[in-house]
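In: Got a predicted model here, sequence first, then my questions.
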Amino acid sequence: MTANGTPQFPAPTAAAPPSVAADGAADGAADIGGKFIDDGIRVHAEPGTTSATKGLAYRSHTATVHCVVPRTGSDPYAYFSLTDNATGVTGYVAEPYVAPDRKVRTC
């Protein structure tokens, strides 16, 4: 209360909205499952087709999808950051070649 007896409330503050991912989950949300939709898919060291190939993925493999790197520059694809569960190789795969179980947060 103020000296004259009126209630004193703290000044309103603008709270920053929580950081929300593409799927509505907060940043840092758990990785999600997924599968590869073809055989012999290149798992790259970095996003982009010119990056070194770390391994190959196949339809029989499942993936743990960490996040998606949005399309940049002249590259026509976004890239999933993922781990091939069959081989343990972690890297990047172009978006058309992976079917995640649900929407993926942005890296």
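Out: Cool, the structure landed. On a predicted model such as this, the values are computed, not experimentally measured, just so you know.
In: looking at this, T50 is in a strand?
Out: No - assignment of T50 by DSSP: H, G, I helix; E, B strand; the rest coil gives coil, placing it outside any strand.
In: Now do it, the pLDDT please.
Out: Listed pLDDT for T50 reads 91.
In: how many neighbours does it have?
Out: When neighbours are counted by other C-beta atoms under 10 Å, T50 registers 7. Using the backbone N, CA and C atoms, a C-beta is placed for each residue, glycine as well.
In: do S60 as well
Out: Using other C-beta under 10 Å, S60 is surrounded by 9 other residues.
In: end to end, how far does stretch 90-106 reach?
Out: 17 Å (C-alpha to C-alpha, to the nearest Å).
In: Quickly list what the residue most central in space within the chain is bridged to.
Out: Nearest residue to the geometric centre of the chain (C-alpha atoms, centre = their mean): C67, 1.5 Å. Per DSSP bridges, residues listed as beta-bridge partners of C67: S81.
In: helix, strand or coil for T72?
Out: For T72, the assignment made with three-state DSSP gives coil.
In: residues in contact with it?
Out: Shown in contact with T72 (C-beta atoms under 8 Å, 6 or more residues apart in numbering): P47.
In: Surely F36 and A63 touch.
Out: Yes - F36 is within contact range of A63, at 6.4 Å (criterion: C-beta atoms under 8 Å).
In: Common neighbours of those two, please.
Out: Jointly contacting F36 and A63 under the rule C-beta under 8 Å, 6+ apart are A57, D84, V93, V98.
In: Among those residues, which pair sits farthest apart?
Out: Using C-beta to C-beta, these span at most 10.3 Å, a distance reached by D84 and V98.
In: anything in contact with each of the two?
Out: F36, A63.
In: Can you lay out the shared contacts of F36 and A63 as TSV showing secondary structure, distance to S74 and neighbour count?
Out: Below are the shared contacts of F36 and A63 laid out as TSV (DSSP: H, G, I helix; E, B strand; the rest coil; distance: C-beta to C-beta, whole Å; neighbours: other C-beta atoms under 10 Å):
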residue	secondary structure	distance to S74	neighbour count
A57	strand	25	27
D84	strand	27	22
V93	strand	19	23
V98	strand	21	21
